[in-house]
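Undergrad: Here's a sequence, model it:
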Amino acid sequence: QVQLVESGGGLVQAGGSLRLSCAASGSIFRINSMGWYRQAPGKQRELVANIQSGGITNYADSVKGRFTISKDNAENMLYLQMNTLKPEDTAVYYCNAEIVSWEAGRPQLGNYRGQGTQVTVSS
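TA: Coordinates of the predicted model:
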């Protein structure tokens, strides 16, 4: 079983910063990619940023220059540094990962998501 657990959300004033963390655990053989998604009330879930195993990153236009995604391969950790936060960044942020795990002695490819962490930016 693979689990993703996010932390680091909270309430912050506009212009402030937060750092989200995501810990991946379980029978992990290889992590192909990891990313952050968010969903605001009444809106569809959207990609915030993702990072491939080789380190290539991709950001939503709305967060470019303000957010930075990074990972610690040794610890199976994913981070999102969010600076210059805006009220429109308010959402539940989810960690997502494509992971090859060991199940019953065989590699299994799966897509996993954490339970989410709330980020609220006040104006």
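
Undergrad: For the closest residue in space to T117 that isn't next to it in sequence, grab phi and psi.
TA: Of all residues not flanking T117 in the chain, G9 sits nearest, at 3.4 Å (Cβ to Cβ, 6 or more residues apart in numbering). To be clear about C-beta, it is placed using only N, CA and C from the backbone, and glycine gets the same treatment. With angles defined as degrees, to the nearest 10, G9 sits at phi -70, psi 170.

Undergrad: G9 and V121 touch, don't they?
TA: No - in this structure, G9 is not within contact of V121 by Cβ atoms under 8 Å, at 10.9 Å.

Undergrad: wait, what's in contact with the spatially most distant residue from the centre of the chain?
TA: In the chain, the residue that sits farthest from the middle, by Cα atoms, centre = their mean, is G105; the gap is 28.5 Å. With contacts defined as Cβ atoms under 8 Å, 6 or more residues apart in numbering, G105 has no neighbours.

Undergrad: what's the answer for S21, then?
TA: The contact partners of S21, by Cβ under 8 Å, 6+ apart, come to E6, S7, G8, M77, L78, Y79.

Undergrad: switch the cut-off to 6 Å
TA: For S21, the contact set (Cβ atoms under 6 Å, 6 or more residues apart in numbering) comprises S7, G8, Y79.

Undergrad: Any chance of TSV for these, columns pLDDT and secondary structure?
TA: Listed next are those as TSV, based on pLDDT from 0 to 100; DSSP: H, G, I helix; E, B strand; the rest coil:
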residue	pLDDT	secondary structure
S7	97	strand
G8	98	coil
Y79	98	strand
